[in-house]
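K.L.:
sequence first, predicted model second:
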Number of protein chains: 2
Amino acid sequence: MANEKVTSNDVARLAGVSQSAVSRYFTPGSSVSKKTSEKIRVAAEQLGYRPNILARSLITGRSRIIGLVVAYLENYFYPEVVERLSKVLQEQGYHVLVFISSPASASENVDQITQEILDYQVDGIVLASASMSSELAARCHAHGVPIVLFNRSQDDERLSAVTSDNRAGGRKLAELLLSLGHEKFGYIAGFEGASTQRDREAGFLEGLAAAGKSLYRRSVGNFRYEEAQAAARRMFGSDDRPDAVFVCNDHMAFAVMDVLRFELGLEIPQDVSVVGFDDVPPARWPAYNLTTIRQDVDAMVAETIRTLMRAIDNGDDQARRVTLDGTLVVRGSTRKCPATSN
Amino acid sequence: MANEKVTSNDVARLAGVSQSAVSRYFTPGSSVSKKTSEKIRVAAEQLGYRPNILARSLITGRSRIIGLVVAYLENYFYPEVVERLSKVLQEQGYHVLVFISSPASASENVDQITQEILDYQVDGIVLASASMSSELAARCHAHGVPIVLFNRSQDDERLSAVTSDNRAGGRKLAELLLSLGHEKFGYIAGFEGASTQRDREAGFLEGLAAAGKSLYRRSVGNFRYEEAQAAARRMFGSDDRPDAVFVCNDHMAFAVMDVLRFELGLEIPQDVSVVGFDDVPPARWPAYNLTTIRQDVDAMVAETIRTLMRAIDNGDDQARRVTLDGTLVVRGSTRKCPATSN
DNA sequence: ACCAAGATTGCATACGTATGAAAGGTACGA
DNA sequence: TCGTACCTTTCATACGTATGCAATCTTGGT
């Protein structure tokens, strides 16, 4: 419990220079002579001094903290995001402060959390799988704190957002299933309020419509494993079942596949083709081997950070909406060719 | 970009009181009269004032930030930890600053990261799946920053640690497999430097030894999916293969099961029983249905926080080592009864 | 040797808050 | 009425750093 707080003053005293010199030594781009640099380096080393980021940020107005709001890490898309985002920010001298928003009380909860985030004087906010009231968005804006919606967009045009092209992804999946000769299409939806849900479904329907087809069955899984199981039971419990199903994300697709195989005794893809969205790691595990749309997490993270930094460094005020391509990854959960159908 | 910074001074001016009064209003347990309280409440509300945590922590020495070092979120045990830990800390007014340590350069990396953590004046550090040099541990100690090792222990007795009883868990698994009549035991190890790896293996061997048995095959998977696949190929590639295998954690067990089933055409549990450790969510998904030891994340998180808070609030200096029971969860990856064996 | 321009340094102050000490206010009993 | 004790409030200062400004030192050209 020895309170061995070392300040720039201690270093200055030991090195025989002023406190400002020490401060300058630790501020890249400041002018310090070789000689004093060396004295300070030695003294700082000896005392084990490191600048206090909090004190620094009090005066610079920059905390080098990015607030990340995330709702549920059960969907293994998000752990990847947290890891990549933290890692890349870390390399740039920033760090991530995590806020978990119970998906329960949706946006009200996010608003409260965002208040807490602002208390930490963060330099930016990343909202993953969570939306926020536009009133609060305005407030962040007023504080000069940039916000980036990650894997989510919102009507408010003043908010930056980085997403995959969910609509195009849905369309690609429809086209794939059509090309394989499927006829009866099921869709298992995520949480209805989510833009990913809306866009993926819209794209899928669009793709079907282009071939004169439409949805045969629809059910809601709310992005949750258990609810997706229940949805699958409803959709496939009777005999007039779809012969192909698009599940709004991989996480739910696993639940659907498990029900089809282990409860209903159906074969994938012989009896039903299943496609998902995200390409989380288990999708390529042989147990699932799921055909899906890959969201390029690295690219999404890179764009997110680019957006943040542009706002932080250049005070770039205007919203930036980036939509990245998702690539279709065909695996074993869809049948091989149209010939063997029905 | 309007820089609408509202300070306690602004509130004070509007409310017609002193800045200290405002500060006291926002400090629980301070004495403020009903009348001024009300004036401040109104003024603060009107201006949208919230105390600046960073400025506050500069003077109180408490940042209400907990640093979390985590190596890899691919193992789905850790996302659960991050989520629970953040959530519970959040309820107590603390927040989690995330640091990802590349598992690559192990402890050297952690040391550097810990330096960065200290720069943020965190109130405590949780080290999950990462070890740290005792030199640096001493330094944190000197700074009065408590450290808790999560799911990891270390020889240094001055470090607090929260773990499951990995040894007992390993033993339970050995006893289960023995009771099912297995004879040839395989073990797929995690990263050799990890205490969980050592303890789980030790317990397993201990359990086997108690029945006069020993290991038939051993291979290393380093806690990684791909390496575990390779290990499984080596171990089960030839005909004289084990009839049961303990994989050091669930994450690797999935890889092993996938190889056994989809590359080698073996049936689980008819040909081989597989057991893991952790009970991450996919373990109970029907595709794996894995027999494993459940680590009680909630309890571990609760103990971690208790340990931290004891140190932070009471300045409790001494290390606290908590070991929690893990419960055996028998599922379908192990054969049902000894009768049908061999 | 001298001067100007540039580089380096120190001084003083500011960032937004908490808090000990002192001053002011209130209530109550004698 | 006065004095005491207690509750509120304000004043002043401190936390650890960054930075404008003025002062000082270097450097190089003449």
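P.N.:
That came in fine, so what should we check first? Numbers count the residues shown, from 1 in each chain, chains lettered A, B, ... in the order given.
K.L.:
contact partners for residue A:122?
P.N.:
Residues in contact with residue A:122 (Cβ atoms under 8 Å, 6 or more residues apart in numbering or on different chains) are A:63, A:65, A:66, A:67, A:97, A:145. Every C-beta, even on glycine, is put in place using the N, C-alpha and C of the backbone.
K.L.:
can you classify it by secondary structure?
P.N.:
coil (DSSP: H, G, I helix; E, B strand; the rest coil).
K.L.:
for residue A:30, same thing?
P.N.:
coil.
K.L.:
what about the residue of the stretch 201-342 of chain A found nearest DNA strand D, how many residues close to it?
P.N.:
Proximity of the stretch 201-342 of chain A to DNA strand D (Cβ to the nearest atom of the strand) peaks at residue A:313, 13.4 Å away. Using other Cβ atoms under 10 Å in any protein chain shown, residue A:313 has 10 other residues around it.
K.L.:
where's it relative to residue A:120, distance?
P.N.:
The gap separating residue A:313 from residue A:120 is 20 Å, by Cβ to Cβ, to the nearest Å.
K.L.:
next, the closest residue to residue A:227 other than its chain neighbours: phi, psi?
P.N.:
Leaving out its chain neighbours, the residue that sits closest to residue A:227 by Cβ to Cβ, 6 or more residues apart in numbering or on different chains is residue A:221, at 4.8 Å. As for residue A:221, its main-chain torsions (degrees, to the nearest 10) stand at phi -120, psi -10.
K.L.:
identify the residues contacting residue A:221.
P.N.:
A:188-190, A:227-228, A:230-232, A:247-248, A:252, A:255-256.
K.L.:
mark which of the residues you listed are part of strands, please.
P.N.:
Among the contacts of residue A:221, the members falling in strands (DSSP state E) are A:188, A:189, A:247.
K.L.:
what pLDDT does the last one get?
P.N.:
Same thing as residue A:247. You'll see residue A:247 listed with a pLDDT of 98.
K.L.:
for residue A:326, same thing?
P.N.:
pLDDT at residue A:326 comes out at 97.
K.L.:
gap between it and residue A:70?
P.N.:
To residue A:70, residue A:326 is 20 Å away according to Cβ to Cβ.
K.L.:
and residue A:139, how many neighbours?
P.N.:
Per other Cβ under 10 Å, the neighbour tally for residue A:139 reads 18.
K.L.:
do residue A:322 as well
P.N.:
With other Cβ under 10 Å as criterion, residue A:322 counts 17.
K.L.:
and it, which of the three is it?
P.N.:
strand.
K.L.:
what's near enough to touch it?
P.N.:
Residue A:322 neighbours (Cβ under 8 Å, 6+ apart): A:161, A:162, A:163, A:303, A:307.
K.L.:
one more pass at 10 Å, please.
P.N.:
A:148, A:160-164, A:299-300, A:302-304, A:306-307 (Cβ atoms under 10 Å, 6 or more residues apart in numbering or on different chains).
K.L.:
any idea what it is bridged to?
P.N.:
residue A:162 (DSSP bridges).
K.L.:
try the one 5 residues further on
P.N.:
Beta bridges link residue A:327 to residue A:294, judged by DSSP bridges.
K.L.:
how many neighbours does it have?
P.N.:
So residue A:327, with other Cβ under 10 Å, has 14 neighbours.
K.L.:
show me the biggest helix of chain A in terms of residues.
P.N.:
Longest helix of chain A, by residue count under DSSP state H: helix A:297-314.
K.L.:
buried residues in that helix, which are they?
P.N.:
Judged by neighbour count (16 or more other Cβ atoms under 10 Å in any protein chain shown), helix A:297-314 contains these buried residues: A:297, A:300, A:301, A:302, A:303, A:304, A:305, A:307, A:308, A:309, A:311, A:312.
K.L.:
hmm, that helix touching chain B?
P.N.:
Yes: counting by Cβ under 10 Å from any Cβ of the partner chain, contacts between helix A:297-314 and chain B involve residue A:311.
K.L.:
returning to that earlier point: any chance of TSV for the buried residues of helix A:297-314, columns pLDDT?
P.N.:
Below are the buried residues of helix A:297-314 laid out as TSV (pLDDT from 0 to 100):
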residue	pLDDT
A:297	97
A:300	98
A:301	98
A:302	98
A:303	98
A:304	97
A:305	97
A:307	96
A:308	96
A:309	95
A:311	93
A:312	92
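K.L.:
all helices of the stretch 151-300 of chain A, in order?
P.N.:
Assigned helices in the stretch 151-300 of chain A, in chain order: A:166-179, A:195-210, A:225-236, A:250-258, A:297-314 (criterion: DSSP state H, counting those that start in this stretch).
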